[in-house]
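1. 3D model of this:
(one chain, ligands or ions: 1)
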Amino acid sequence: MDAIKIVGGVPLKGEITIGGAKNAALPLMAATLLTDKPLTLINMPELVDISTMSNLLRQHGARIDQSALAPGQGEAGATGRSMTLTSERITSVVAPYDLVRRMRASVLVLGPLLARMHEAKVSLPGGCAIGTRPVDLHLKALEALGAKIDVKGGYIHATAPGGLKGAKVVFPKVTVGGTENLLMAAALAAGETILENAAREPEIGNLAECLNAMGAQITGIGSGTLRITGVKELHGARVAVIPDRIETGTYAIAAAITRGKVVLKGTRFELLDSVFSAMRQAGVSIEPGPDSLTVSADNGLKGVDVMTEPYPGFPTDMQAQWMALMATADGASMITETIFENRFMHVPELTRFGADVNVHGASAIIRGRRNLSGAPVMATDLRASSSLILAGLAAEGETLVNRIYHLDRGYERLEEKLGACGARIERIVGG
Ligand code: UD1
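-> From the prediction side, this is the model:
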């Protein structure tokens with residue numbers, strides 16, 4: 001299994017180009033199942049999760065063509081690839097366990113398959129390291145649209161013989177994936193669907209705009225109430241994936257935690273307001289430019305409390321990285337995790353760097369200190385892995401982050417991007 005070796009303590013200086021958002025790209029790819037016409041996505045990131053979704057969609061019958069992005073396409077500074085997905089014929093409505101267990105977002109094929117084929121059989125995603133993560137809210141909402149759902153033998157078997165019918169759905173809890181599945185299902189349902197307490201993440205906006213470009217009728221984009229008037233069929237479109245706000249935030253913290261100065265290109269300040277305002281309170285300078293952000297920090301950062309919340313609150317996907325930064329700030333800070341029940345697994349690993357962190361239920365108290373020291377550590381999930389990389393960049397001496405396959409699911413060319421800013425970082429293959 002690959003590992004990453006870092007010799008820390010170097011203030012990062014340079015430029016990093018942010019890729020397309022993984023969490024936007026995955027539902028956009030699933031939208032191919034709604035139409036027999038080609039859907040072209042530009043600014044696609046190159047990540048293991050994207051390959052996993054491609055494999056899943058191929059076995060449903062999608063044809064996927066990829067090409068390098070010509071300069072001038074996508075957001076300025078973006079370097080990703082473009083991908084054209086065509087699902088002329090759906091050859092299977094089954095999403096098998098073997099593919100779904102690798103990535104929870106596989107469950108996003110459920111809504112589109114059910115809408116177009118009136119049937120889907122999708123493996124239950126199962127647990128994952130950060131919590132139980134059920135899909136009950138997806139299923140209840142699809143039932144409200146007339147689906148009959150049977151969970152048996154580890155599979156969700158959903159049918160809607162006469163097609164889905166629009167309905168009012170009030171989500172009891174904000175769910176990103178649930179909102180996405182319902183948007184796609186409702187796009188082809190008969191009549192009007194209203195989604196209340198819908199997720200407002202920018203990735204939802206990206207999907208809704210894409211569906212509209214494909215001929216859907218969705219209003220209320222960006223708000224907690226989405227109205228969808230179903231249409232008989234959708235057509236092809238060409239859509240850009242928004243910049244990855246979690247990659248943006250992770251590299252912004254890389255600049256701050258090493259007390260360096262990094263220009264982040266191809267991204268936007270407003271995607272990550274909550275994190276940037278907490279960083280500014282901590283004493284980090286963030287200067288937005290027309291298509292870039294300059295992030296810099298000196299010593300003397302202060303501890304700032306944060307609580308994770310659905311968008312526009314502080315994202316749970318930035319919680320572990322924030323903890324690494326707070327471990328190097330002056331004074332104490334508190335992090336409260338409200339989205340996932342088991343998302344502090346990075347704490348014992350961060351303490352190996354000398355971080356002073358105590359967990360009490362859903363909150364962690366961090367007492368910052370000036371110097372962390374390098375250590376061998378183990379990655380447990382995607383964002384936890386990036387917090388260990390960040391701590392390693394700040395720490396004096398050598399760090400070895402083991403089990404980094406999680407990182408490859410969500411960060412493209414991480415060593416290259418950090419290395420270009422002066423980080424002493426290398427991948428040890430098979431380490
Ligand atoms: C998405 C993101 C993930 C992020 C998360 C929260 C993708 C591919 N992944 O995950 O990176 O951490 O949003 O911002 O976009 N829940 C239920 N029942 C359900 C669905 C969710 O109880 O049917 C709970 C979850 O266990 C969790 C909370 O609701 O506690 C939010 O989950 P949700 O927003 O659905 O997360 P994902 O879409 O899986």
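
2. Which residues of the stretch 251-400 of the chain lie near the ligand?
-> 316, 317, 339, 340 (CB under 6 Å from any ligand atom). (Each C-beta comes from the backbone N, C-alpha and C, glycine too.)

3. Make TSV from these and add neighbour count, pLDDT and secondary structure to it.
-> Output for these, formatted as TSV (neighbours: other CB atoms under 10 Å; pLDDT from 0 to 100; DSSP: H, G, I helix; E, B strand; the rest coil):
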residue	neighbour count	pLDDT	secondary structure
316	18	97	helix
317	22	96	helix
339	21	94	coil
340	19	90	coil
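
4. Greatest separation within these: which pair is it?
-> Taking CB to CB, the two most distant members of those are 317 and 340; they sit 9.9 Å apart.

5. Now for whatever residue of the stretch 151-300 of the chain ends up closest to the ligand, how many residues are close by?
-> When distances are taken as CB to the nearest ligand atom, the stretch 151-300 of the chain reaches nearest to the ligand at residue 177, 2.9 Å away. Counted with other CB atoms under 10 Å, residues neighbouring residue 177 total 22.

6. likewise the one 10 residues further on?
-> Applying the criterion other CB under 10 Å, we find 31 residues in the vicinity of residue 187.

7. does it really touch residue 210, like I thought?
-> No - in this structure, residue 187 is not within contact of residue 210 by CB atoms under 8 Å, at 10.3 Å.

8. From the residues of the stretch 251-400 of the chain next to the ligand, pick the one nearest residue 423.
-> Residue 423 has its nearest neighbour among these in residue 317, at 21.7 Å by CB to CB.

9. remind me which residues of the stretch 301-431 of the chain are low pLDDT?
-> 431 (pLDDT under 70).

10. For it, which segments are assigned as helices?
-> In the stretch 301-431 of the chain, the helices defined using DSSP state H, counting those that start in this stretch lie at 319-326, 346-351, 382-394, 405-410, 414-419.

11. Let's have the ones you listed in a markdown table, adding mean neighbour count.
-> Formatted as a markdown table, the helices of the stretch 301-431 of the chain follow (neighbours: other CB atoms under 10 Å):
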| stretch | mean neighbour count |
| --- | --- |
| helix 319-326 | 28 |
| helix 346-351 | 21 |
| helix 382-394 | 28 |
| helix 405-410 | 20 |
| helix 414-419 | 19 |
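
12. With distance to residue 277 added, can I get these in a markdown table?
-> Shown next, in a markdown table, are the helices of the stretch 301-431 of the chain (distance: least, CB to CB, whole Å):
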| stretch | distance to residue 277 |
| --- | --- |
| helix 319-326 | 12 |
| helix 346-351 | 23 |
| helix 382-394 | 19 |
| helix 405-410 | 24 |
| helix 414-419 | 25 |
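
13. tell me the contacts of residue 362?
-> Residue 362 makes contact with 336, 337, 338, 341, according to CB atoms under 8 Å, 6 or more residues apart in numbering.

14. from what I can see the first one touches residue 363, true?
-> Yes - counting by CB under 8 Å, a contact exists between residue 336 and residue 363, whose distance comes to 4.6 Å.

15. Find the residues that touch each one of those two.
-> Listed contacts common to residue 336 and residue 363 are nil; contacts here mean CB under 8 Å, 6+ apart.
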